[in-house]
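take a look and give me a structure for this.
(one chain, ligands or ions: 1)
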Amino acid sequence: MDLINVHTVAKALLVLLAGYVVKVLTTFYKKRRALNGLPQPPFSFAFGHLPIIGKLVSTLPANCHPHVLMHYLRNKYDLPPIFYVDTWPFGYSICVVVDPDVAFQVTVQRSLPKHEAASDVIWPLAGTKNLVSMDGPEHKRWRAIFNPGFSSAHLMTLVDGIVDDSLTFMDVLAEHAEAKDVFSLEEAATRATVDIIGRVALDTQMHAQTKENDFVSAFRSQLTWLLGSNELNPLVIFNPMRRVVFAYNQWRMDRFVSKVMDERFATRPGSKAINGSSKRNRPVIDLALDAYLEEEGNKSATIDATFKRFAMDQIKIFMFAGHDTTSSTICYIAYVLSKYPDAMEKVLQEYNQVFGNDVEQTAQRIKEDPYLLNKLPYSVAIIKEILRLYPPASSARMGQPGFFLNYNGKQYPTEGFMVWPVSYALQRSPDLWPEPEKFIPERWLVKEGDPLFPIKGAWRPFEFGPRHCIGIELAMIETKIIMALMLRQFNIKAAYEELDAASGKEKLRTTPEGERAYQVLIATAKPSDGMPARVSRR
Ligand code: HEM
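Numbers count the residues shown, from 1 in each chain. From the prediction side, this is the model:
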């Protein structure tokens, strides 16, 4: 009897194993065959593109962001603006797009659904019901509910608070100037942007710059456990504790947001939808509740469970998407301008003209007249040029059966591929930009017809179409404010040499062009090693 059982179990196991092997072999064959006749770098049937990627990685910093890798891959093998990369079974089969018209087909003309890669990174940080991860009618509905709070006109009414949080950032820089120490500019800027987004989204003071905050520490802890984010321990994803830590940190973040939201709604001033009061100076969450209640026919004047469930994930995604993208932009502005004194001089002159010569008055002038921020063309040109060279994010979409991309009269399949318009590669492509590797803010100020004038769709740091960034205006406003306050008062220089000298890393860690502040993947694209810096007063 026992013997029969053992045989039966062994047979069942063998059948299962055989089934599994057949499945893997079929997937393997399908994946490799799908690449037949498509543009791609040199390919091995057994290993896909892993060997050539391995070779390329050995010439780059080991932890550089995958979008940097794709750029060098294209250059090295002289690939066309659509090419395919297969890293299965370790990664996805990817259709890389480096052409504005083809990117338009993916993000605007059809707006393909999001690829699972985005949600895989985001769920520990912002759950599953957030704007970045949702798709279809559910996304459309919640996007419409949250749109009003992010309009430029509304954000202008919140400038006072943004200036206050930016001034706290200036105090932090002043402390480092006083201490003459090397510090992480990325961490300091990140804490400032967390404070700003907390205020704009919830009208709460996170105090991320001045105290330890439970939300921020849970959030940062989540980041260290994400795939690709822990340089010191890449095997972190196999750690059985990972799920437990994720769950615990999610609970801490939800507890914080829930408490703030409950307090907010307990003392919430009347909404326009309900009693006709003004929308001015009110956080994004209030305007979203107005829109939600209006949609629901104003049946209730208070928060309901559905709204709270979705709003919690939105607040977390705003915290996530709204902080490190902007903070990395601020870091690169300081970094690049310290190397381009002419551009620095020009932007300082612009500040003198717009805010007056008294540096101490900058914050007050902005508070009195936030629309002065719309009179800074050279600052905007700098921000755009930094976002061209160092885009913090991009959009990965899911290819669809029967959906083909058209390029140069030919059709390219998308089914089974992650379709990825790689903004980094697009924005540094010599086919699209004169002197693509050079920082030239003037390309944003020339008239149409000038050789420097940007090609439509070649600049896409915020992406286009229905999934474009909801926070563009906020990002621009806060960056302009921080930039003006920071550049007028401080000299900031990256301190990579000092960091490397101390750790003995200097020979290992640059791109072939000698870029030490290359971008790394920590959920988004951030400056390597947190951008060590020194600051002094002007
Ligand atoms: C320099 C700053 C920023 C850059 C470069 C940037 C870039 C992007 C990009 C490329 C996307 C598309 C992502 C995708 O399709 O997966 C996106 C989406 C998004 N961004 Fe931003 N972002 C920035 C700042 C912000 C800020 C300040 C917020 C604050 C709320 C924000 C919130 C979001 C949200 C919620 C989405 C999802 C939109 C949707 O699918 O409806 N971003 N951003």
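
okay, the residue of the stretch 151-300 of the chain found nearest the ligand: pLDDT?
Per CB to the nearest ligand atom, residue 197 is where the stretch 151-300 of the chain lies closest to the ligand, at 6.0 Å. Every residue, glycine included, has its C-beta placed from N, CA and C. If you check residue 197, the pLDDT there is 95.

again with residue 132
pLDDT at residue 132 comes out at 93.

can you check residue 233 too?
50.

could you do residue 339 as well?
pLDDT, residue 339: 96.

ok, residue 54 next?
89.

so what's the residue of the stretch 401-538 of the chain with the smallest separation from the ligand up against?
When scored by CB to the nearest ligand atom, the stretch 401-538 of the chain has residue 471 as its residue closest to the ligand, at 2.2 Å. Taking CB atoms under 8 Å, 6 or more residues apart in numbering as the contact definition, residue 471 lies against 150, 318, 321-322, 325.

what about the ligand: which of those touch it?
318, 321-322, 325 (CB under 6 Å from any ligand atom).

export the residues you listed as a markdown table, with columns for neighbour count.
Putting these into a markdown table (neighbours: other CB atoms under 10 Å) gives the following:
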| residue | neighbour count |
| --- | --- |
| 318 | 26 |
| 321 | 25 |
| 322 | 25 |
| 325 | 23 |
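
how about residue 316, nearest residue that isn't a chain neighbour?
Leaving aside its chain neighbours, residue 316 sits nearest to residue 126 (3.9 Å; criterion: CB to CB, 6 or more residues apart in numbering).

surely that neighbour and residue 320 touch.
Yes - here residue 126 reaches residue 320: they are 5.4 Å apart, a contact under CB atoms under 8 Å.

those two: which is more packed in?
residue 126 (27 against 23; other CB atoms under 10 Å).

quick one: residues contacting residue 393.
321, 325, 423, 461, 469, 524-525.

returning to that earlier point: confidence score at the residue nearest to residue 316?
At residue 126, pLDDT is 90.

give me the phi and psi for it.
Backbone dihedrals for residue 126, given as degrees, to the nearest 10, come out at phi -140, psi 30.

so who does it touch?
132-133, 313, 316-317, 319-320.

one step back: single out whichever of the contacts of residue 471 has the smallest pLDDT.
Among the contacts of residue 471, residue 322 has the weakest pLDDT, 86.

test my guess that it contacts residue 197.
Yes - the pair residue 322 / residue 197 is scored as a contact, 4.1 Å apart, by CB under 8 Å.

what do these two both touch?
residue 474.

in three-state terms, label residue 38 for me.
coil (DSSP: H, G, I helix; E, B strand; the rest coil).

can you pull the contacts of it?
By CB under 8 Å, 6+ apart, the neighbours of residue 38 are 83-84, 412-413.

most neighbours of all those residues, which one?
residue 412 (22 neighbours).

check that residue and give its pLDDT.
Confidence score, pLDDT, at residue 412: 97.

and the one 10 residues further on, by the same measure?
At residue 422 the predicted local confidence, pLDDT, stands at 98.

and for it, the neighbour number?
When counting by other CB under 10 Å, one arrives at 27 neighbours for residue 422.

I figured it was touching residue 96, is that so?
Yes - with contact defined as CB under 8 Å, residue 422 reaches residue 96; the gap is 5.7 Å.

between these two, which contacts overlap?
residue 70.

residue ranges for the strands of the stretch 101-250 of the chain, please.
183-184 (DSSP state E, counting those that start in this stretch).

I figured residue 366 hits residue 164, correct?
No - Residue 366 is not in contact with residue 164 according to CB under 8 Å; the separation is 10.9 Å.

those two - which one has more neighbours?
Neighbours around residue 366 and residue 164, counted as other CB under 10 Å, are more numerous at residue 366. The numbers are 24 against 15.

how close does that one get to the ligand?
18 Å (CB to the nearest ligand atom, to the nearest Å).

next: residue 42.
30 Å.

let's have the chain start at 24 instead
With the count now opening at 24, the last piece we talked about shows up as residue 65.

test my guess that that residue contacts residue 102.
No - between residue 65 and residue 102 there is no contact under CB under 8 Å: 10.7 Å.

where in the stretch 24-173 of the chain is pLDDT low?
24-27, 55 (pLDDT under 70).

which positions in it make contact with the ligand?
So the stretch 24-173 of the chain meets the ligand at 141, 154-155, 166 (CB under 6 Å from any ligand atom).

so which two of these are the farthest from each other?
Put simply, by CB to CB the two of these set farthest apart are 141 and 166, 15.4 Å from each other.

so of the contacts of residue 494, which ones are in helices?
341, 344-345, 348 (DSSP state H).

show me which of those residues is closest to residue 488.
Distances from residue 488 to these, taken by CB to CB, are shortest for residue 344, at 16.4 Å.

which ones are touching the residue lying closest to residue 122 once chain neighbours are set aside?
Of all residues not flanking residue 122 in the chain, residue 104 sits nearest, at 3.6 Å (CB to CB, 6+ apart). Applying CB under 8 Å, 6+ apart to residue 104 gives the contacts 120-122, 125, 430, 452, 454.

which residues of the stretch 274-423 of the chain score low on pLDDT?
In the stretch 274-423 of the chain (pLDDT under 70), the answer is 291-302, 321-326.

got the residues of it near the ligand?
Going by CB under 6 Å from any ligand atom, the residues of the stretch 274-423 of the chain near the ligand are 340-341, 344-345, 348-349, 352, 410, 415-418.

dump those residues into JSON lines; add distance to residue 115 as well.
Compiled in JSON lines, these are given as follows (distance: CB to CB, whole Å):
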{"residue": "340", "distance to residue 115": "22"}
{"residue": "341", "distance to residue 115": "27"}
{"residue": "344", "distance to residue 115": "22"}
{"residue": "345", "distance to residue 115": "27"}
{"residue": "348", "distance to residue 115": "23"}
{"residue": "349", "distance to residue 115": "28"}
{"residue": "352", "distance to residue 115": "27"}
{"residue": "410", "distance to residue 115": "25"}
{"residue": "415", "distance to residue 115": "21"}
{"residue": "416", "distance to residue 115": "17"}
{"residue": "417", "distance to residue 115": "14"}
{"residue": "418", "distance to residue 115": "14"}
